[in-house]
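Trainee: here is a sequence together with a model predicted from it:
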Amino acid sequence: MLDLLSSIHIQLNNKMFLKDPESSDLGKRIIGGSIDLINEIGFDQFTFRKLSVHIGSTEASIYRYFESKHKVLIYLNAWYWSFMEYQLAFRTTNIQDPRKRLERAICLITEAVDEETYFQHFNLAKVSQIVNDESLKVYLNREVDEVNKDGAFFPYKEFVSKISSIILEINPSYRYPHMLVSTAIEGAHLQRFFGKHIPRLTDVKKDKNYIYEFYKEIIFKALEP
């Protein structure tokens, strides 16, 4: 499936950066280095000074692309959800039964990404981990309304809306499709986080996608007449 997606270029809102990092080798190194460092040390400890050392550049050169590390996190979050929307389209195309499409959508939002999976120069496992562990920091801050007006959350909202439309195919009278989808997504992130760090708060087991089974059960029961 990634081979089919390889020709796709993900274009993000230019308000998320000062200079498009995809436009140069340095920009791509900034993104790749940010992904590596945030995974290694966490977003709170991540700084442009550390990034400049990591990629062999200068802080000033990084500031030409992003005005803050928070904008880097917003960029990675938006890129991830844009990519997820493409994946959803490929996984559900030509499937007539909306229940089957919803099952595939639930699998997409709950599955773990293989560590060796890449899309172009993005390590999908690491980007997925960043979104899983750090994405709430994109929303839970005082600048969220301004960031939302700039379109930073548009890819996430589009992804949720696409799955919500499948839900309404199954049960047109269901009143909370967006709430159900966003709750499943954020809940899946938390369950995966708990499984890794606080296992007594979850029933996640190794080598089995219990998160998929759990949210599949919840979502389809919610849609019963």
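Mentor: That came through fine. Residues are numbered from 1 along each chain as shown.
Trainee: could you check how far the most centrally placed residue in the chain is from residue 212?
Mentor: Nearest to the geometric centre of the chain sits residue 80, at 4.0 Å (Cα atoms, centre = their mean). Taking Cβ to Cβ, to the nearest Å as the measure, residue 80 falls 19 Å from residue 212. Just so you know, the C-beta spots here come from the backbone N, C-alpha and C atoms, and that holds for glycine as well.
Trainee: do the same with residue 106
Mentor: Taken as Cβ to Cβ, the span from residue 106 to residue 212 is 6 Å.
Trainee: ok, residue 192 next?
Mentor: In terms of Cβ to Cβ, residue 192 sits 11 Å off from residue 212.
Trainee: so what's in contact with those two at the same time?
Mentor: Common contacts of residue 192 and residue 212 (Cβ atoms under 8 Å, 6 or more residues apart in numbering): none found.
Trainee: okay, helices next: where are they in the protein?
Mentor: Secondary structure of the chain (DSSP state H): helices at 2-5, 25-41, 48-55, 59-63, 69-92, 98-110, 124-134, 136-139, 144-149, 154-170, 177-197, 210-222.
Trainee: can you list the buried residues in the fourth one?
Mentor: Going back to what we said before, that points to helix 59-63. residue 62 (16 or more other Cβ atoms under 10 Å).
Trainee: ok, now the last one?
Mentor: Burial within helix 210-222, assessed by neighbour count using 16+ other Cβ under 10 Å, is assigned to 211, 212, 214, 215, 216, 219, 220, 222.
Trainee: mind checking how far stretch 90-101 is from the chain centre?
Mentor: Between the centre of stretch 90-101 and the centre of its chain there are 21 Å (Cα atoms, centre = their mean, to the nearest Å).
Trainee: noted, bye for now.
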